[in-house]
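**Student:** 3D model of this:
(one chain, ligands or ions: 2)
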Amino acid sequence: MSKPIQESELFRRLSTAKHGVIVVIGTGQWGKTATVHSLIQSGAFPDRNVVLVNYSKTFVAQHSYPDSYRALTWPEDISEIMEVIRPSRDVVVVDDAIFVAGARDSGTRENKGLQKMMTIASHNELFFLLTIQNTSMLDISMFQSQDVYMIHKHMDLVAIQNERDNQVIAQTIANIYLERHMSKYKGKVHPKSWGYCSTTKEMIAFDLPPWWEPAMSKPFYGRVPV
Ligand SMILES: Nc1ncnc2c1ncn2[C@@H]1O[C@H](COP(=O)(O)OP(=O)(O)OP(=O)(O)O)[C@@H](O)[C@H]1O
Ligand SMILES: [Mg+2]
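**Tutor:** Ligands and ions are numbered 1, 2, ... in the order given. Just a heads-up that it's a prediction; the model follows:
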């Protein structure tokens, strides 16, 4: 069974939560970034502002993001983070989290900072939304200490072979549901809209927000995030 976002268990749980980590995984170009914006647009985080980590301010200003969106450069010193992120009032989007939380960079300043931030997310009533192509690329400690919600977009078979053991079954189930829904709702729902939430075990259609522009898909076009 599939549901619009507002009727999903995921929406219900997020609307009553004060903190959490939402991880959107899947192969490139299957709609992870669009899903993050669609979930925010659905009203799952009412009255919160949206922080786009390491997006450039110019990029955000040049595109039609809602006024509640702002760009943020991850600070050099983690102790400065609470000067730029507001407890209870922000949703922190780490798009392509590999740049700040890659498993191979687990000793880096940013990664340690983000881990620390995750650990105190509950204390500060914050939501983190991460996108990543494969959880093997993400430092696992990133989401061990918090309430984690996993949303799976389509993942190629080769990529599944590289997945962490605990994700292989969930992603395989996700792919089966995703393929079924794409074929069942062909011509009615865009194939890239579908996401399987393995935390709440449901299919959800994440439609593009009304203000979406295709360029929003490439926030790091022409630059490497610092
Ligand atoms: N629900 C949807 N309906 C229509 N088009 C969509 C939908 N979701 C995504 N797209 C389109 O698919 C393309 C890829 O989407 P998106 O940038 O969200 O993918 P991604 O998984 O974040 O890719 P990457 O890993 O490269 O960052 C974009 O051109 C976007 O406009
Ligand atoms: Mg993306």
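**Student:** buried sites along the helix ranked longest in the chain?
**Tutor:** As assigned by DSSP state H, the longest helix anywhere in the chain is helix 165-184. Buried residues in helix 165-184, counting neighbours by 16 or more other C-beta atoms under 10 Å, are found at Q167, A170, Q171, A174, N175, Y177, L178, H181, M182. Placement of C-beta: from N, CA and C, glycine included.
**Student:** could you dump it to PDB, C-alpha only?
**Tutor:** What follows is helix 165-184, C-alpha atoms only, in PDB (Å, rounded to 0.1, in the frame of the first residue of the first chain):
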ATOM      1  CA  ASP A 165      25.400  -6.100   6.000                       C
ATOM      2  CA  ASN A 166      22.600  -4.700   8.100                       C
ATOM      3  CA  GLN A 167      21.300  -2.700   5.100                       C
ATOM      4  CA  VAL A 168      21.400  -5.400   2.400                       C
ATOM      5  CA  ILE A 169      18.100  -7.000   3.300                       C
ATOM      6  CA  ALA A 170      16.300  -3.700   3.900                       C
ATOM      7  CA  GLN A 171      17.500  -2.300   0.500                       C
ATOM      8  CA  THR A 172      16.600  -5.500  -1.300                       C
ATOM      9  CA  ILE A 173      13.100  -5.400   0.100                       C
ATOM     10  CA  ALA A 174      12.900  -1.700  -0.800                       C
ATOM     11  CA  ASN A 175      13.900  -2.300  -4.400                       C
ATOM     12  CA  ILE A 176      11.200  -4.900  -4.800                       C
ATOM     13  CA  TYR A 177       8.500  -2.600  -3.400                       C
ATOM     14  CA  LEU A 178       9.900   0.300  -5.500                       C
ATOM     15  CA  GLU A 179       9.800  -1.600  -8.700                       C
ATOM     16  CA  ARG A 180       6.300  -2.900  -8.100                       C
ATOM     17  CA  HIS A 181       5.000   0.600  -7.400                       C
ATOM     18  CA  MET A 182       6.800   2.100 -10.400                       C
ATOM     19  CA  SER A 183       5.100  -0.400 -12.600                       C
ATOM     20  CA  LYS A 184       1.700  -0.200 -10.900                       C
END
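**Student:** which helices and strands sit right next to that helix?
**Tutor:** Applying 3 or more C-beta pairs under 8 Å, 6 or more residues apart in numbering; DSSP states H and E, we find helix 165-184 packed against strand 148-152, helix 157-161, strand 194-197, strand 202-205.
**Student:** Following the helix or strand bottoming out on mean pLDDT in the chain in sequence, what is the next regular element?
**Tutor:** Sorting the helices and strands of the chain by mean pLDDT, DSSP states H and E puts helix 109-119 at the bottom, at a mean of 64. Using DSSP states H and E, the next helix or strand after helix 109-119 towards the C-terminus is strand 127-132.
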